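**Student:** got a predicted model here, sequence first, then my questions.
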Number of protein chains: 2
Amino acid sequence: MPRPVLDFWFDFASTYSYLAASRIGPLAADTQVEVRFRPFLLGPIFKSQGWNTSPFNVYSAKGRNMWRDLERLSEDANLPFRRPEPFPQNGLLAARVALIGFPQGWGERFCVDVFRAQFGEGLRIDELATLCAILSRLGADPEAVLAAAQSDDNKARLRAQSDEAQQLGLYGAPSFVTVSGELFWGNDRLEQALRWAKHGT
Amino acid sequence: MPRPVLDFWFDFASTYSYLAASRIGPLAADTQVEVRFRPFLLGPIFKSQGWNTSPFNVYSAKGRNMWRDLERLSEDANLPFRRPEPFPQNGLLAARVALIGFPQGWGERFCVDVFRAQFGEGLRIDELATLCAILSRLGADPEAVLAAAQSDDNKARLRAQSDEAQQLGLYGAPSFVTVSGELFWGNDRLEQALRWAKHGT
């Protein structure tokens, strides 16, 4: 029997995607659901809503409480937390690299490590040094991977994936989508999304 | 020993406040926390963020998924759900009435019933008939209560409470605030807020 599938949509700059990416592996294994990591770019979706930065920057009271909430939730989940500067960071290159990594088998670990570098260690994910260090640790060849990541084909692949996200009606990250089209938004819905993927209810 | 206290801030038009209001009584009893119901008006806060209606109407993709999410969560919680028309409803009078009810002992049940009328039965909470039926069921005298609710003193009380909400940095509902000033936003944080009220961590 093939495992039920759940798509995990995220943007590397998304704060709550850090929690979801860190939790989803063990939870998916427990529930025997196959999770597909789907990085996309939230920027164009935010732009179409009239925002040219994160809504957590646009709405300051909401932003202030988000940082405190993230700090509390990270502590509950035993995850390191450091507020990144600047915020939001540019996750374009990281997303392109991730797409190279999935068929090569190190993509998911790369994603989890990028989130942890950004939100757990305060590193900048738009800096080559951060991404190269992660790639080396994972046994990938940074130079070859970065060249493939910046190829026209791969850039087009990320654009197509981001278009698909918008067509699915995604408006934030993380989001989870079952094969039957149920959309769940937010790290708080991860368990419910896995349950729906498995049992359809 | 006095029980630890948690403030439960809500707006009667708020969809997720329906879930929180319906769940909070039993959860507070289980955890032995004293919950103070604090109705306020979100409208002025939304206006100061540039919205003249609910953000669920302003951002259509977000709104669509909120309704589906609410439907799924209501089913999980064994709560009836009917999407109200119109949305958002005007909860001004209901909030004024609630303030009369708290010192008289029926205020919290009134709040829970107003939410259920709106989101469980599809009734309009800006209609006197809806509020009077609830008041009668609770053994209150609708005519006397409504007169007191519309007094200048009581109107000023609700305005002051809404100002306090804004000063606390509230930007949505439901919100929960501990005596030490920890702010939690959303029905998803109810359990965590009760834990912080009790244990301070």
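**Tutor:** Looks like it came in fine.

**Student:** for the rest of this, base every contact and every neighbour count on C-alpha atoms.
**Tutor:** Fine.

**Student:** quick check: phi and psi on the residue nearest to residue A:95 when sequence neighbours are not counted?
**Tutor:** Of all residues not flanking residue A:95 in the chain, residue A:39 sits nearest, at 5.9 Å (C-alpha to C-alpha, 6 or more residues apart in numbering or on different chains). Geometry field for residue A:39 lists phi and psi as phi -70, psi 140, criterion degrees, to the nearest 10.

**Student:** who does residue A:39 form a beta bridge with?
**Tutor:** residue A:10 (DSSP bridges).

**Student:** what distance do you get for it to residue A:107?
**Tutor:** Relative to residue A:107, residue A:39 is positioned 11 Å away (C-alpha to C-alpha, to the nearest Å).

**Student:** more neighbours, these two?
**Tutor:** Using other C-alpha atoms under 10 Å in any protein chain shown as the criterion, residue A:39 and residue A:107 rank with residue A:39 on top: 25 against 20.

**Student:** that one against residue A:14, yeah?
**Tutor:** No - contact criterion C-alpha atoms under 8 Å: residue A:39 and residue A:14 do not qualify, at 10.7 Å.

**Student:** so for the two, which residues contact both of them?
**Tutor:** Common neighbours of residue A:39 and residue A:14, using C-alpha atoms under 8 Å, 6 or more residues apart in numbering or on different chains, do not exist here.

**Student:** ok, the nearest residue to residue A:32 once chain neighbours are set aside - contacts?
**Tutor:** Leaving aside its chain neighbours, residue A:32 sits nearest to residue A:3 (6.6 Å; criterion: C-alpha to C-alpha, 6+ apart). By C-alpha under 8 Å, 6+ apart, residue A:3 lies in contact with A:32, A:33, A:34.

**Student:** buried only: go through those residues for me.
**Tutor:** The neighbour-count test (16 or more other C-alpha atoms under 10 Å in any protein chain shown) marks A:33, A:34 as buried among the contacts of residue A:3.

**Student:** out of the contacts of residue A:3, who's nearest chain B?
**Tutor:** Proximity of the contacts of residue A:3 to chain B (C-alpha to the nearest C-alpha) peaks at residue A:33, which lies at 20.2 Å.

**Student:** for that closest one, give me the pLDDT.
**Tutor:** Among the per-residue scores, residue A:33 shows a pLDDT of 98.

**Student:** tally up the residues packed near the residue nearest to it when sequence neighbours are not counted, please.
**Tutor:** The shortest distance from residue A:33 to any non-neighbouring residue, by C-alpha to C-alpha, 6+ apart, is to residue A:4 (5.2 Å). Residue A:4: 18 surrounding residues under other C-alpha under 10 Å.

**Student:** didn't residue A:4 look like it was pressed against residue A:197?
**Tutor:** Yes - with contacts counted by C-alpha under 8 Å, residue A:4 reaches residue A:197, the gap being 6.0 Å.
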